[in-house]
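Enquirer: A predicted structure for the sequence below; I have some questions about it.
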Amino acid sequence: MAVTIAYACLYVDNPLEWASTIIVSYHKVLALEEKEITILYYLIAARLCISVCNSAHSRKENPDNKYALMSENPAWKLLHHWMTINPIMAENRFRSALGLPVLNPYMSKIDIVDKLSVDKKLLLWTLND
């Protein structure tokens, strides 16, 4: 899902709106779990990071391969834009599009980690260091 959204949104002005449309369409066929919706914003960002790293590697290894580099600039542009979007706002947009209740936009860092964590004790210990 994150890979699809990352590439589908490379050339659009409103990636959050496009992402929401893709999520709703996917959800109609195969329902997303809440934990998937919770991490989706971060997975999209991670995929964009991978994309720009792959492009940089390709440029170094084979600078004449224009095909391998064609998405680099749009990926950077989208990554920069994506990082200006509040992750909770993005999740709320996804949740709202799916008809799920939205989160409190003023959640604390601990609340967010608690919501995301599988091993809460380990993550909270890491945060306190």
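Expert: The structure has been received and is ready for your questions.
Enquirer: What does the pLDDT read for the closest residue to Asn62 other than its chain neighbours?
Expert: In this structure, Asn62 finds its nearest non-sequential neighbour in Ala68, 6.8 Å apart by Cβ to Cβ, 6 or more residues apart in numbering. Glycine gets a C-beta too; all of them are placed from N, C-alpha and C. At Ala68, the pLDDT value in this model is 71.
Enquirer: Put the alpha carbons of the helix or strand harbouring Ala68 into CSV.
Expert: Assigned by DSSP states H and E, Ala68 falls within helix 66-69. Provided in CSV are the C-alpha atoms of helix 66-69 (Å, rounded to 0.1, in the frame of the first residue of the first chain):
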residue,chain,number,x,y,z
LYS,A,66,18.1,8.1,-17.4
TYR,A,67,15.3,5.6,-16.7
ALA,A,68,16.6,4.8,-13.2
LEU,A,69,16.8,8.5,-12.4
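Enquirer: packing partners for the helix or strand following that helix?
Expert: The C-terminal neighbour of helix 66-69 among helices and strands, as given by DSSP H and E, is helix 72-82. For helix 72-82, the packing partners by 3 or more Cβ pairs under 8 Å, 6 or more residues apart in numbering; DSSP states H and E come out as helix 15-29, helix 34-61.
Enquirer: Please consider this matter closed, and thank you.
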